[in-house]
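[1] Return atomic coordinates for the entry below.
(2 chains)
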Amino acid sequence: DGGITQSPKYLFRKEGQNVTLSCEQNLNHDAMYWYRQDPGQGLRLIYYSQIVNDFQKGDIAEGYSVSREKKESFPLTVTSAQKNPTAFYLCASSGGDWTDTQYFGPGTRLTVL
Amino acid sequence: GQSLEQPSEVTAVEGAIVQINCTYQTSGFYGLSWYQQHDGGAPTFLSYNALDGLEETGRFSSFLSRSDSYGYLLLQELQMKDSASYFCAVRGSNAGNMLTFGGGTRLMVKP
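    Reported below is the predicted structural model:
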C-alpha cells in the first residue's frame, strides 16, 4: 500500500528539548511538506522540499529545521527555539500532477509539558 | 501575499444541501483546491478548479470564478459522516507555488 507515515502519533516534550518528527512516503513523490495546525485553525507551512538535498522555508520556519537526504524521508526537528511548539504537525507529499494534490500523513500531536 | 476567507462554521441537517464559500487574494493564480479533514485526522483532497465553472464529483461539486476571486464547495444529500472541517487552498505565485490554506469551515450535520 502506498502512502505517508508519520511517527510517533503522540509526542510529549519537556521545555528546552529538541524533538524530531518522522515522515516517510513510498509514493515516489518528489515534493514533501511540513505543516503546523493549531486547534480550530488552518494549516501553516513550515518547510517544504521539492527535490532531494534541497528545502525551503515556509511561512513559519523559525524554531524548526529539516533535512532531505532521501527522497522517501523528510524529518522535522522542533528545536528549543520554537516558543510555542504544542500543535498538530502534518507531513504531506505531492507528485506534481496537474492538480498538485497533496497527500497527508496521519499527523503527530506534540505537547510540551 | 496570499489570503483566503471562509466561514468558520456551518450547520445543516441530514439530506440537505450546503454551500461553503471561499474568497481569496493571491498574487498569481494556478488553482483552487478543497480538502476535507475529520477531527484528529489527516486532510484529504476533494476537488480542484483551475478554470471557471463547476466540477462535479459524486455528491460534491466545486465552483470557481477567477474574475471574482471566489469559489465554493457544494455538498448535496448530506450525511452524518460529512461532519468535518473543509479547507480551501490556493496555489499562487508565491515562493515555490506552494498551497496556502484558508482557516477552515467546520460543518456540523444534524439528524
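[2] Any stretches of the chain with poor pLDDT?
    You didn't pick a chain, so chain A it is. A:1, A:98 (pLDDT under 70).
[3] Can you look at chain B instead?
    B:93-97.
[4] What parts of it come near chain A?
    For chain B, the contact set with chain A under Cβ under 8 Å from any Cβ of the partner chain comprises B:8, B:30-31, B:33, B:40-45, B:48, B:50, B:87, B:91, B:95-104, B:106. C-beta coordinates here come from the backbone N, C-alpha and C atoms, glycine included.
[5] let's see 10 Å
    Residues of chain B lying near chain A by Cβ under 10 Å from any Cβ of the partner chain: B:1-2, B:4, B:6, B:8-9, B:30-31, B:33, B:35, B:37, B:40-50, B:85, B:87-89, B:91, B:94-104, B:106.
[6] Pull out the buried residues from the residues you listed.
    Among the residues of chain B next to chain A, those classed as buried by 16 or more other Cβ atoms under 10 Å in any protein chain shown are B:2, B:4, B:6, B:30-31, B:33, B:35, B:37, B:42-43, B:45-50, B:85, B:87-89, B:91, B:94, B:98-104, B:106.
[7] which residue is nearest the middle of chain A?
    Closest residue to the average C-alpha location of chain A: residue A:34 at 2.9 Å, with Cα atoms, centre = their mean.
[8] so where does that one fall, helix or strand?
    strand A:31-37 (DSSP states H and E).
[9] who's in contact with residue B:11?
    Applying Cβ atoms under 10 Å, 6 or more residues apart in numbering or on different chains to residue B:11 gives the contacts B:18, B:83, B:106-110.
[10] switch the cut-off to 8 Å
    Residues in contact with residue B:11 (Cβ atoms under 8 Å, 6 or more residues apart in numbering or on different chains) are B:107-110.
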